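Peer 1: okay, here's the prediction I keep looking at, along with the sequence it came from:
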Protein chains: 2
Amino acid sequence: MSDSHPTNAELAILQALWRRGPSTVREVCDEMGRSSGYTTVLKILQIMTQKGLVQRDKSDRAHVYQARHSEEQIQRGLVNDLLTKAFRGSSQRLVMRALSAKPVSAEELAAIRKLIDEMEDKAP
Amino acid sequence: MSDSHPTNAELAILQALWRRGPSTVREVCDEMGRSSGYTTVLKILQIMTQKGLVQRDKSDRAHVYQARHSEEQIQRGLVNDLLTKAFRGSSQRLVMRALSAKPVSAEELAAIRKLIDEMEDKAP
DNA sequence: TGACATCTACGAAACTCTTCGTATATAATA
DNA sequence: TATTATATACGAAGAGTTTCGTAGATGTCA
């Protein structure tokens, strides 16, 4: 099945790829600030290629890797997973936990409120 | 460290315990609808006892297990984890993904709005 | 009491994830 | 060209998770 989610190490690498765009192993390594050794990152990128999480360009000697899914897509998948696993599918509770888990600035609250306004307009 | 999160199987068992309250292995099994075998549930409950996720009462022959943390506590931990791992700590984005991941009813939206109102009142 | 059901305990197998050592190929340089 | 640096590929170790078979203890009932 392809509905599996990236592991922690894979997610950390994806973050680097999303920030940098297409990158070599070394570039990913640097971006990650030496949190894992070079061969470890290489190995995981190879696994991710096999899983279809990244795309590999072997033209140059240093292969260039690229995320195959957007950050938004992956985030949606992770949220959905957490939703069914721990929140009985209730988005409302997840949102409430997210808002109470960490202080949220007034600007952020306003942005969320605006999103809710739009959703209420669309589905009255 | 004790800031580790329950695994999937552990979370499924916790859900059963939260719904039923203190329960025996068999009761947890039934509640879970035969998704895992009896000895599997027993084994994981033993591991969870060792980890401190559940409390065990050995008075009766069939030991009685009880969750040691509330559903809310665990949810908060999971949300925080997801927040740092996949959302760069931005609650706003997590909320937005949660709201767009699954259709949310008007009642739920209203409840969330109310929560935002309260938070804005408290931190102006 | 004897047969049977049910419980805990234990351990091993199968699997995934993460890490790293090492071998090998290729480019750059003195 | 010979040396050095850097790349990929491969495999295996170690940890954690999940599963289940089996052994042994304890309760129930004809």
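Peer 2: Structure's in. What do you need? Residues are numbered from 1 along each chain as shown, chains lettered A, B, ... in the order given.
Peer 1: may I see the buried residues of the helix or strand bottoming out on mean pLDDT in chain A?
Peer 2: In chain A, no helix or strand scores lower on mean pLDDT, DSSP states H and E than helix A:106-122, which sits at a mean of 89. Neighbour counts over helix A:106-122 (16 or more other Cβ atoms under 10 Å in any protein chain shown) mark A:108-109, A:112, A:115-116, A:119 as buried. Placement of C-beta: from N, CA and C, glycine included.
Peer 1: next one: stretch A:29-39
Peer 2: A:29, A:31-32, A:36.
Peer 1: start and end of stretch A:16-26, how far apart?
Peer 2: End-to-end distance for stretch A:16-26, by Cα to Cα, to the nearest Å: 11 Å.
Peer 1: who touches it?
Peer 2: Defining contact as Cβ atoms under 8 Å, 6 or more residues apart in numbering or on different chains, one finds that stretch A:16-26 is touched by A:27-28, A:31-32, A:38, A:41-42, A:45, A:54, A:57, A:62-67, A:70-71.
Peer 1: and if we set it to 7 Å?
Peer 2: A:27-28, A:31-32, A:38, A:41-42, A:45, A:54, A:62-67, A:71 (Cβ atoms under 7 Å, 6 or more residues apart in numbering or on different chains).
Peer 1: what about burial for those, which qualify?
Peer 2: Buried among those (16+ other Cβ under 10 Å): A:27-28, A:31-32, A:41-42, A:45, A:54, A:63-65, A:67, A:71.
Peer 1: distance to chain B for the buried residues of helix A:106-122 - can I get that in JSON lines?
Peer 2: Below are the buried residues of helix A:106-122 laid out as JSON lines (distance: Cβ to the nearest Cβ, whole Å):
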{"residue": "A:108", "distance to chain B": "4"}
{"residue": "A:109", "distance to chain B": "5"}
{"residue": "A:112", "distance to chain B": "5"}
{"residue": "A:115", "distance to chain B": "6"}
{"residue": "A:116", "distance to chain B": "5"}
{"residue": "A:119", "distance to chain B": "6"}
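Peer 1: of those, just say which sits nearest to residue B:97.
Peer 2: Distance to residue B:97 across those (Cβ to Cβ) is lowest for residue A:115, with 10.8 Å.
Peer 1: what residues are up against that closest one?
Peer 2: By Cβ under 7 Å, 6+ apart, the contact list for residue A:115 reads B:96, B:99.
Peer 1: contact residues of chain A facing chain B?
Peer 2: A:8, A:11, A:75-76, A:78-80, A:82-83, A:85-87, A:91-92, A:94-99, A:101-102, A:104, A:106, A:108-109, A:111-113, A:115-116, A:119-120 (Cβ under 7 Å from any Cβ of the partner chain).
Peer 1: near DNA strand C too, which of the residues you listed?
Peer 2: The subset of the residues of chain A next to chain B within reach of DNA strand C, by Cβ under 7 Å from any atom of the strand, is residue A:8.
Peer 1: residues near residue A:84, how many?
Peer 2: If you count neighbours by other Cβ atoms under 10 Å in any protein chain shown, residue A:84 ends up with 11.
Peer 1: okay, it: pLDDT?
Peer 2: As predicted, residue A:84 sits at a pLDDT of 95.
Peer 1: other SSEs contacting whichever helix or strand it is part of?
Peer 2: Here residue A:84, judged by DSSP states H and E, is contained in helix A:71-86. With contacts taken as 3 or more Cβ pairs under 7 Å, 6 or more residues apart in numbering or on different chains; DSSP states H and E, helix A:71-86 sits against helix A:91-101, helix B:8-20, helix B:71-86, helix B:91-101.
Peer 1: if we can go back for a sec, what angle do the least confident helix or strand of chain A and helix A:91-101 make?
Peer 2: 170 degrees (axes from the mean of the first three to the mean of the last three Cα atoms, to 10 degrees).
Peer 1: restricting to C-alpha, output helix A:106-122 in PDB.
Peer 2: What follows is helix A:106-122, C-alpha atoms only, in PDB (Å, rounded to 0.1, in the frame of the first residue of the first chain):
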ATOM      1  CA  ALA A 106      -3.200  37.000  18.200                       C
ATOM      2  CA  GLU A 107      -2.200  37.200  14.600                       C
ATOM      3  CA  GLU A 108      -2.500  33.400  14.200                       C
ATOM      4  CA  LEU A 109      -5.800  33.300  16.000                       C
ATOM      5  CA  ALA A 110      -7.100  36.000  13.600                       C
ATOM      6  CA  ALA A 111      -5.900  34.000  10.600                       C
ATOM      7  CA  ILE A 112      -7.600  30.900  11.900                       C
ATOM      8  CA  ARG A 113     -10.800  32.800  12.500                       C
ATOM      9  CA  LYS A 114     -10.700  34.100   9.000                       C
ATOM     10  CA  LEU A 115     -10.400  30.500   7.700                       C
ATOM     11  CA  ILE A 116     -13.400  29.500   9.700                       C
ATOM     12  CA  ASP A 117     -15.400  32.400   8.400                       C
ATOM     13  CA  GLU A 118     -14.600  31.300   4.900                       C
ATOM     14  CA  MET A 119     -15.600  27.700   5.600                       C
ATOM     15  CA  GLU A 120     -18.900  28.900   7.100                       C
ATOM     16  CA  ASP A 121     -19.600  31.000   4.100                       C
ATOM     17  CA  LYS A 122     -19.000  28.000   1.800                       C
END
